[in-house]
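K.L.:
model this:
(chains A and B, ligands or ions: 5)
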Amino acid sequence: MLYRIVAHKQLSDNVFQIDVDAPLVARARKAGQFVIVSSDAASGERIPLTVAGADPEAGTIRLIFQRVGKTTAAMADIPVGGALGYVAGPLGRPTHIEKFGTVVCVGGGIGNAPLLAIATAMKEAGNRVITILGARTQELVILEDEFAGLSDDIIVVTDDGSHGRKALVTEPLKEICSRDPRPNLAVVIGPTIMMKFCCEVTKQFEVPTQVSLNTIMVDGTGMCGGCRVEVGGKTKFVCVDGPEFDGHQVNFDQMMRRMTAYKELEKREMEQYQKHRCKIGLK
Amino acid sequence: MIVDSQERYLQELLDKQARGELKAKDRYAIPPQDMPVQDGVERRSNMSEVALGYTALQARLEAMRCLGCANAPCVEGCPVRIRIKDFVAEIAAGRFDHALAIIKENSLLPAVCGRVCPQEVQCQERCTVGKKFKDPNMSVSIGRLERFVADLASAGGQTPQVAPSTGKKVAVIGSGPGGIVVAADTRRAGHEVTMFEAFHKPGGVKVYGIPEFRLPKKIVQEEIDVLEKMGVKIVCNYIVGRTRTIEQLMQEDGFDAVYVGVGAGLPKFMNIEGEYLVGVYSANEYLTRTNLMKAYAFGQGADTPIAAGKKVAVLGGGNVAMDAARMAVRLGAEKVYLVYRRSEVEMPARIEEVHHAKEEGVIFCTLQNPQRILGSEDGHVVGMECLRYELGEPDESGRRRPVAIKGSAFVLDVDTVIVAIGNGPNPLIEQTTPGLEFNKWGNIVVDEGCRTSMKGVYAGGDIVLGAATIILAMGQGRIAAKAINADLAAKKLS
Ligand SMILES: Cc1cc2nc3c(=O)[nH]c(=O)nc-3n(C[C@H](O)[C@H](O)[C@H](O)COP(=O)(O)OP(=O)(O)OC[C@H]3O[C@@H](n4cnc5c(N)ncnc54)[C@H](O)[C@@H]3O)c2cc1C
Ligand SMILES: Cc1cc2nc3c(=O)[nH]c(=O)nc-3n(C[C@H](O)[C@H](O)[C@H](O)COP(=O)(O)OP(=O)(O)OC[C@H]3O[C@@H](n4cnc5c(N)ncnc54)[C@H](O)[C@@H]3O)c2cc1C
Ligand code: SF4
Ligand code: SF4
Ligand code: FES
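P.N.:
Ligands and ions are numbered 1, 2, ... in the order given. This next block holds a predicted model:
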């Protein structure tokens, strides 16, 4: 099986979208699921990426990824016609989709990619979808058009005010949660720190909240336990029990510490989220 | 020269045997042949196999120690009933290919079993020679002999014959030892066989768990190569239950029989404070990162990192714990502690592994058990608080129950903790296969033919037995393949 890249698009400075031949995954995948991929079958790292979309007819899946380290950098460099080392999946439990009423979808940074599939499915199930997209600055806002097309309402915020409102996602989220009637569900996907603060908001307003966790993974099948998090006081494996969980039950602080396991990565991760942390922390 | 004198010794023994004068006491007098090993210090810094294998001369001398007991009690101890007495006699006579042929009647993977079977609680436990000396270490080294003939042959190795096509399709889920045996045996019967593996490399625990220094990956690869030559189709990166369900395989993809050999791949944790700290690994994660993903070569061709601890504690006393501890040594740890709550005699690990671990400098902390793992401000492991234990009354397992000594708490200075206290069954198949019966521990329920509650679905190995052994998984693979072949033949007739 050759996991050939059939389309390649750069969405922003560091965000890429590729369509890859993976017919079985394309047929089986549901919103909320992910795949494990590697840039190189012989020596590459196994990394999890959400299936952002799929074309079962053509047998392709869409991956949207941020270039953060070696594997994603190598993937960004593979041209159309080239191939990934492998694609395994789909993995994880699919999102529970039903008609809840009003669903507010909050995406931060690359979190927009996994969110898109879920928002689409929520809309198809007859929900009213309100989308909040947040990013540091304008060029990091990805997939805005796609969200605009499916949402009943869309709010874009940036840290620096270069696009949309100058705010953090928690601000419009708070406003929407204070409306009467309250939204029936919130789906929040983004940097861990953002999910943590969004959950604090929705908890205040008692709006049930789903988050999608992006812990470090190896196998993605429940074999290694590397992806474990504490949810409601119990050990859960994100790859088989998740990746989605009740955000009000997740021990985010502990998860953030675990995500710093590999020192090199720690630095990069921190730089990236530091700004958010300080700002949100001040509120 | 020593070799010359050894050769003369063997010749004398053979001559005596030819004259019908070789007595049991002559055989008892033959010293057990030691296995040459890599130097204990040198091997701390390489991944190469530790045990180097017998020479032909050593193998024949060792084989001469066998009494050829009429009732051959050793055979009863072998889960797959290899005709031990007969193959050992062939080795003694120097007919190594005959010996291999005898082993292969019952075991497809002698190079593996010879290396990793817990012989001292199986075949060698029953051996009359060991009994005579009241020491299982004095038994005929059946496993080493098996390994010897297997290694000789693996250089060449012929592909088994395949019967004409039956037009039936068999799916094998999981490429562990059980799956490999099922694939080979059903393919030989002429069925079209596809093996599905979740990982990107086939082989099961033998590639992701058991390290190179104990079982070279080349041996596993050779087994896989033989399967491919026989025409077995191997599909990696395919997670049954997610990519396709068992029902889809049977209803839509036309498989007539499915063997489930997905192993026991769900690591248990201690559920103590501090288990989420950075630096706490399951042995599965630690070994997968290093074996399968080759994290020891991080930055030099491999992309998967591992935090190489300087002071490592491994929790547990089985083979998995030994492998993790010895791997930590090789990744450059200065101190490796093996923390086990019972005493050394209760350790389930193979004696040879315990012995090798000690030689490599692993520090054994028996009758100790962690209470909690201590972390720094930023969430990294900085120590492990343990209690000392003593052995009390026997428990349900018949082993004496360890009892904590009051006020004995102390802190072990470590930066990495590897939890190797066992694996439960992976729940993925259970979650995605309605109608398949599992017991309350999550193991698949099978009959004596390894048939499950679903028609056409068979299972074996760790998913049935709980975390067991390679030879038991192979034994079940044999049984399941026999049932599949019989059931498919019957189906054709009906
Ligand atoms: C279920 C799930 C879905 C995901 N979906 C997406 C997605 O759709 N798009 C996307 O861009 N990213 C996604 N991620 C995150 C993505 O897996 C990591 O960005 C990727 O592993 C980085 O690999 P790298 O080699 O390029 O970088 P590295 O150099 O390995 O690491 C750089 C950064 O990535 C994080 N990271 C490293 N290894 C992993 C790992 N195995 N799992 C998660 N994070 C890791 C580190 O914390 C670090 O900050 C998802 C993660 C999970 C668990
Ligand atoms: C570190 C370690 C050391 C050990 N040492 C010894 C030893 O010295 N001697 C000994 O006898 N035994 C030892 N064992 C135990 C032995 O390895 C197992 O008992 C044996 O491998 C079980 O075989 P199995 O056929 O059940 O398959 P396994 O070897 O467990 O392989 C199962 C395979 O199925 C795949 N799989 C799982 N789920 C799916 C799915 N849904 N779809 C597709 N594929 C799937 C897995 O990726 C895996 O490759 C050790 C185990 C470990 C972990
Ligand atoms: S397969 Fe294992 S138990 Fe059987 S004879 Fe060989 S080493 Fe002994
Ligand atoms: S029990 Fe020991 S001595 Fe007797 S036949 Fe078996 S291996 Fe030989
Ligand atoms: S990634 Fe290994 S258990 Fe989840």
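K.L.:
which residues of chain A lie near ligand 1?
P.N.:
With the criterion set to Cβ under 6 Å from any ligand atom, chain A comes near ligand 1 through A:34, A:45, A:47-50, A:64-66, A:68-72, A:110, A:113-114, A:214-217, A:243, A:259, A:265, A:268-269. Glycine gets a C-beta too; all of them are placed from N, C-alpha and C.
K.L.:
if you set the cut-off to 5 Å instead, what comes out?
P.N.:
Chain A has residues A:34, A:47-50, A:65-66, A:68-72, A:110, A:113, A:214, A:216-217, A:243, A:259, A:265, A:269 near ligand 1, with proximity defined as Cβ under 5 Å from any ligand atom.
K.L.:
just the buried ones from those, in ChimeraX syntax?
P.N.:
Entered in ChimeraX, the line below selects the buried ones among the residues of chain A next to ligand 1, by 16 or more other Cβ atoms under 10 Å in any protein chain shown:
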select /A:34,47,48,49,50,65,66,69,70,71,72,110,113,214,216,217,243,259,269
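K.L.:
nearest to ligand 2: which residue in the stretch 101-250 of chain B?
P.N.:
residue B:176 (2.0 Å; Cβ to the nearest ligand atom).
K.L.:
ok, now chain A?
P.N.:
Evaluated by Cβ to the nearest ligand atom, chain A has residue A:221 as its residue closest to ligand 2, separated by 5.9 Å.
K.L.:
so which residues of the stretch 51-200 of chain A form helices?
P.N.:
Using DSSP state H, counting those that start in this stretch, the helices assigned to the stretch 51-200 of chain A run over residues A:70-77, A:112-124, A:144-150, A:170-178, A:192-204.
K.L.:
tell me the most buried of those?
P.N.:
Of all the helices of the stretch 51-200 of chain A, helix A:112-124 carries the top mean neighbour count, a mean of 23, counting by mean count of other Cβ atoms under 10 Å in any protein chain shown.
K.L.:
what packs against that one?
P.N.:
Judged by 3 or more Cβ pairs under 8 Å, 6 or more residues apart in numbering or on different chains; DSSP states H and E, helix A:112-124 is in contact with strand A:47-55, strand A:60-66, strand A:102-108, strand A:128-135, helix A:144-150, strand A:185-189.
K.L.:
quick one, domains of chain B?
P.N.:
Domain segmentation of chain B under automatic domain parsing yields B:2-152, B:169-265+B:424-493, B:269-421.
K.L.:
in CSV: those domains, plus distance to residue A:227.
P.N.:
Listed next are the domains of chain B as CSV, based on distance: least, Cβ to Cβ, whole Å:
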stretch, distance to residue A:227
domain B:2-152, 27
domain B:169-265+B:424-493, 14
domain B:269-421, 9
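K.L.:
and those: which comes nearest ligand 5?
P.N.:
Of all these, it is domain B:269-421 that lies closest to ligand 5, at 6.6 Å by Cβ to the nearest ligand atom.
K.L.:
format the helices of the stretch 51-200 of chain A as CSV; extra columns: mean pLDDT and distance to ligand 4.
P.N.:
Listed next are the helices of the stretch 51-200 of chain A as CSV, based on pLDDT from 0 to 100; distance: least, Cβ to the nearest ligand atom, whole Å:
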stretch, mean pLDDT, distance to ligand 4
helix A:70-77, 87, 52
helix A:112-124, 92, 60
helix A:144-150, 92, 71
helix A:170-178, 91, 73
helix A:192-204, 93, 60
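K.L.:
so for residue B:290, which of these sits nearest?
P.N.:
Set against residue B:290 and scored by Cβ to Cβ, those come closest in helix A:70-77, at 18.2 Å.
K.L.:
quick check, the residue in the stretch 351-494 of chain B closest to ligand 2?
P.N.:
Closest contact between the stretch 351-494 of chain B and ligand 2, by Cβ to the nearest ligand atom, is at residue B:461 (2.3 Å).
K.L.:
starting from residue B:323, give me the distance back to that residue.
P.N.:
The gap separating residue B:461 from residue B:323 is 19 Å, by Cβ to Cβ, to the nearest Å.
K.L.:
can you check residue B:449 too?
P.N.:
Using Cβ to Cβ, we find residue B:449 at a distance of 33 Å from residue B:323.
K.L.:
more neighbours, those two?
P.N.:
Shown here are residue B:449 and residue B:323; by other Cβ atoms under 10 Å in any protein chain shown, residue B:323 has more neighbours (27 against 13).
K.L.:
tell me the contacts of the more buried one?
P.N.:
Going by Cβ atoms under 8 Å, 6 or more residues apart in numbering or on different chains, residue B:323 touches B:209-211, B:214, B:283, B:287, B:353.
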